[in-house]
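Novice: the following block contains a protein sequence and its predicted model.
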Amino acid sequence: MYKISSNIIIEVSKDGLKGYITLLDKEKIDFSNDKETREFMVDEKPIENIIEEIKGILKVGLNEDKLRLALSNRKYNTKVCIAEGIMPINGKDGYIKYHFNLEKKLVPKILNDGTVNYRELDIINNVRKGDVLAELVPPKKGKPGFKVTGQTIPYKKGKSPVLRYGKNVRLLDTKVALVAEKDGLVELKDRKVIVSDVFQVNDVDSKVGNIYFNGTVLVDGNALNGFKIKADGDVRIKGVIEGAYVENSGDVVVRQGVQGYNRLTIKSKGHITTRFIENAIVNSERTITAEAIMHSHVYSRDDIILIGKRGLIVGGVCRAGNEIHAKTIGSSMATKTILEVGINPETKEKNENLKKCIAELEDNLDKVIKSLNLLDRLKKVNRLDENKAQMYIKLLRTKNSLLAELTKFKEEYKVTKDEIDNLSKGRIKVSDIIYPGVKIVIGNSTFTVRDEMRGCTLFRDEGEIKVGPY
């Protein structure tokens, strides 16, 4: 409380943010008869002097108009607020900005036509090495406040969070960002950012949906019909692949076996190991190992090796870049079985596709030439109307386009054919029996088994397929 004069009191609130003036009982004021003096004198002090004195006390937020009004109106014994301080603005807490979805939900994908794909649940936060996973957003500064008396009111500083991280995650030298040290699955566990290079599930089914992962996928059960696994690492399945599709860059291990329902089932850049492959299409850039391959199309750029008591290949096509090893090939029922070695399976497939394309182009070209010949005859007898003339021009363009495309495909076909003709390193090794009806292709040489053969090796020598001891 400040006493300016015998009848003027200045008070400040407890928090210092408000200043009040109170004029005491008017009987204590001695007014002059002079009008000018009455307006500018209070308790024999000029108003301007009083205002200056109050300014020395209420240094912040003083409302001079309200002060003059209070002094002029002479409302006695009434507390009037004439000054307001400035509230401090507290700083804002910093926070961590995560660059991945913290709450992945099992929401099926809605397609453009409005239908729902319940296999696409998108449950994995995939990241690549070097990806920024989280950033520290620093706290924002606040502003101090001021009491009406001029004293500073400090602001509350914002808190700075801590970047917590675990395996396969690195804190940058700037101390404000986390980055992945490996490809994999990013998660927030126990408030720590971690990257797992292994994703593990019980089964690949409607509860999980299709899996797209940058690391290794472990399946404790089965991969069921219609679902996909695409991984940059290994895929290891303890049960079976039953109509599912697996594509990866690492190895594939299927402990029980593969039932493909005559569809492309595995496409891998690594080794494939399983108990059996049945009614499946399987592609590998490395070795394929199984106990039995039945009625399947199996392609390996390396070797196909059959192991165990059965060691069986029966039905379908097995194509290997180097060698095929088996215990039994074919069956006593002369099941059609084709084995090809000594050639890159991709080159063989490309060669066959080119051959089909060339046949189609030649057929189309033949039709165009026949149509042109007909129009040529009409042209010679001046019976080519405007519509037929336009058709003639279009057919000429089509002919030239087909010829150019045909020339290109024939050149590619020659390259692949020469590559096939020059290869002869492949071998087929049979430890027990190879049945009649099995067709053997090594390079560009072909041999059909007419009688049972046991414990033998088939190889190409001087352009012919020969049989040697196992």
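Specialist: That came through fine. Numbering: from 1, shown residues only.

Novice: care to break the protein down by domain?
Specialist: Annotated domains of the chain cover 2-84, 95-139+158-196, 198-338, 347-422 [automatic domain parsing].

Novice: now these in CSV, with mean pLDDT?
Specialist: Below are those laid out as CSV (pLDDT from 0 to 100):
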stretch, mean pLDDT
domain 2-84, 79
domain 95-139+158-196, 86
domain 198-338, 94
domain 347-422, 86
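
Novice: among these, which is the most enclosed?
Specialist: Neighbour counts (mean count of other Cβ atoms under 10 Å) averaged over each of the domains of the chain peak at domain 198-338, with a mean of 20. Where C-beta positions appear, they are placed from N, C-alpha and C, glycine not excepted.

Novice: centre of the chain to that domain, how far?
Specialist: Here domain 198-338 shows a centroid-to-chain-centroid distance of 25 Å under the convention Cα atoms, centre = their mean, to the nearest Å.

Novice: and residue 439, how many neighbours does it have?
Specialist: Neighbour count of residue 439, defined by other Cβ atoms under 10 Å: 15.

Novice: what's near enough to touch the residue lying closest to it once chain neighbours are set aside?
Specialist: Spatial nearest neighbour of residue 439, chain neighbours left out: residue 338 (4.7 Å); criterion: Cβ to Cβ, 6 or more residues apart in numbering. Shown in contact with residue 338 (Cβ atoms under 8 Å, 6 or more residues apart in numbering): 316-318, 438-439, 441.

Novice: quick one: residue 338 and residue 365, what's the gap?
Specialist: From residue 338 across to residue 365, the span is 32 Å (Cβ to Cβ, to the nearest Å).

Novice: before we move on, the earlier item: same list (the domains of the chain) but as TSV, adding distance to residue 447.
Specialist: TSV is the format used below for the domains of the chain (distance: least, Cβ to Cβ, whole Å):
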stretch	distance to residue 447
domain 2-84	102
domain 95-139+158-196	45
domain 198-338	11
domain 347-422	16
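
Novice: which one of those lies closest to residue 431?
Specialist: Closest to residue 431 of the domains of the chain, according to Cβ to Cβ: domain 198-338, at 5.0 Å.

Novice: report the central residue of the chain.
Specialist: Taking Cα atoms, centre = their mean, the centroid of the chain lies closest to residue 126, which sits 5.1 Å from it.

Novice: for residue 361, see how far away that residue is.
Specialist: Taking Cβ to Cβ, one finds residue 126 at 42 Å from residue 361.

Novice: now do the helices in this protein.
Specialist: Applying DSSP state H to the chain gives helices spanning 35-40, 47-55, 64-73, 345-380, 386-422.

Novice: now render those as CSV, adding distance to residue 189.
Specialist: Listed next are the helices of the chain as CSV, based on distance: least, Cβ to Cβ, whole Å:
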stretch, distance to residue 189
helix 35-40, 76
helix 47-55, 61
helix 64-73, 60
helix 345-380, 42
helix 386-422, 52
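
Novice: of the ones you listed, which is nearest residue 142?
Specialist: helix 47-55 (28.0 Å).

Novice: can you give me how far that closest one is from the chain middle?
Specialist: Relative to its chain's centre, helix 47-55 lies at 72 Å (Cα atoms, centre = their mean).

Novice: likewise for stretch 394-410?
Specialist: Centre to centre, stretch against its chain (Cα atoms, centre = their mean), the figure for stretch 394-410 is 41 Å.

Novice: please report how far the closest residue to residue 448 other than its chain neighbours lies from residue 447.
Specialist: Excluding the flanking residues, the one nearest residue 448 by Cβ to Cβ, 6+ apart is residue 439, at 5.2 Å. Residue 439 sits 8 Å away from residue 447, taking Cβ to Cβ as the criterion.

Novice: and which of the contacts of residue 338 is nearest to residue 265?
Specialist: Nearest member of these to residue 265, counting by Cβ to Cβ, is residue 316, at 12.6 Å.

Novice: for that closest one, list each beta-bridge partner.
Specialist: residue 296, residue 337 (DSSP bridges).

Novice: how far away is it from residue 103?
Specialist: When distance is defined by Cβ to Cβ, residue 316 is 47 Å away from residue 103.

Novice: quick one: end-to-end length of stretch 225-242, please.
Specialist: 5 Å (Cα to Cα, to the nearest Å).

Novice: do the same with stretch 80-92
Specialist: End-to-end distance of stretch 80-92 (Cα to Cα): 35 Å.

Novice: next: stretch 382-390.
Specialist: By Cα to Cα, the extent of stretch 382-390 from end to end equals 15 Å.

Novice: I figured the residue nearest to residue 448 was touching residue 339, is that so?
Specialist: Yes. Counting by Cβ atoms under 8 Å, residue 339 is a contact partner of residue 439 at 7.2 Å.

Novice: returning to that earlier point: and residue 466, which of the domains of the chain is closest to it?
Specialist: domain 198-338 (15.2 Å).

Novice: nearest residue to residue 365 other than its sequence neighbours?
Specialist: Spatial nearest neighbour of residue 365, excluding adjacent residues (Cβ to Cβ, 6+ apart): residue 402 at 4.6 Å.

Novice: so that neighbour sits against residue 363, correct?
Specialist: No. Using Cβ under 8 Å, residue 402 makes no contact with residue 363, being 10.1 Å away.

Novice: contact partners for residue 326?
Specialist: Residues counted as contacts of residue 326 (Cβ under 8 Å, 6+ apart) are 304, 306, 311-313, 428-431.

Novice: let me redo that: residue 139
Specialist: Counting by Cβ under 8 Å, 6+ apart, residue 139 has contacts 91-94, 157-160.

Novice: gap between residue 73 and residue 80?
Specialist: When distance is defined by Cβ to Cβ, residue 73 is 9 Å away from residue 80.

Novice: and for residue 277?
Specialist: 95 Å.

Novice: strands along the stretch 51-200 of the chain, start to end?
Specialist: 79-84, 95-98, 109-110, 116-117, 126-127, 132-137, 145-146, 152-153, 169-171, 177-180, 184-189, 192-196, 198-201 (DSSP state E, counting those that start in this stretch).

Novice: of those strands, which is nearest residue 230?
Specialist: Residue 230 lies closest to strand 126-127 among the strands of the stretch 51-200 of the chain, at 10.3 Å (Cβ to Cβ).

Novice: pull the residues that contact that closest one.
Specialist: So strand 126-127 is contacted by 100, 133, 180, 183-186, 195, 212-214 (Cβ under 8 Å, 6+ apart).

Novice: what do you get for stretch 159-170?
Specialist: 93-96, 133-134, 136, 138-139, 171, 175-182, 184, 189, 191-197.

Novice: cutoff 7 Å now
Specialist: 93-96, 133-134, 136, 138-139, 171, 178-182, 184, 191-195, 197 (Cβ atoms under 7 Å, 6 or more residues apart in numbering).

Novice: could I have it exported to PDB, CA atoms only?
Specialist: What follows is stretch 159-170, C-alpha atoms only, in PDB (Å, rounded to 0.1, in the frame of the first residue of the first chain):
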ATOM      1  CA  LYS A 159      10.800 -28.900 -21.400                       C
ATOM      2  CA  SER A 160      13.100 -30.600 -23.900                       C
ATOM      3  CA  PRO A 161      12.300 -34.300 -24.500                       C
ATOM      4  CA  VAL A 162      15.000 -37.000 -24.800                       C
ATOM      5  CA  LEU A 163      15.500 -39.100 -27.900                       C
ATOM      6  CA  ARG A 164      15.500 -42.600 -26.700                       C
ATOM      7  CA  TYR A 165      16.600 -45.400 -29.100                       C
ATOM      8  CA  GLY A 166      17.700 -49.000 -29.300                       C
ATOM      9  CA  LYS A 167      19.100 -51.500 -31.700                       C
ATOM     10  CA  ASN A 168      19.900 -50.600 -35.300                       C
ATOM     11  CA  VAL A 169      19.200 -46.900 -34.700                       C
ATOM     12  CA  ARG A 170      21.800 -44.100 -34.500                       C
END
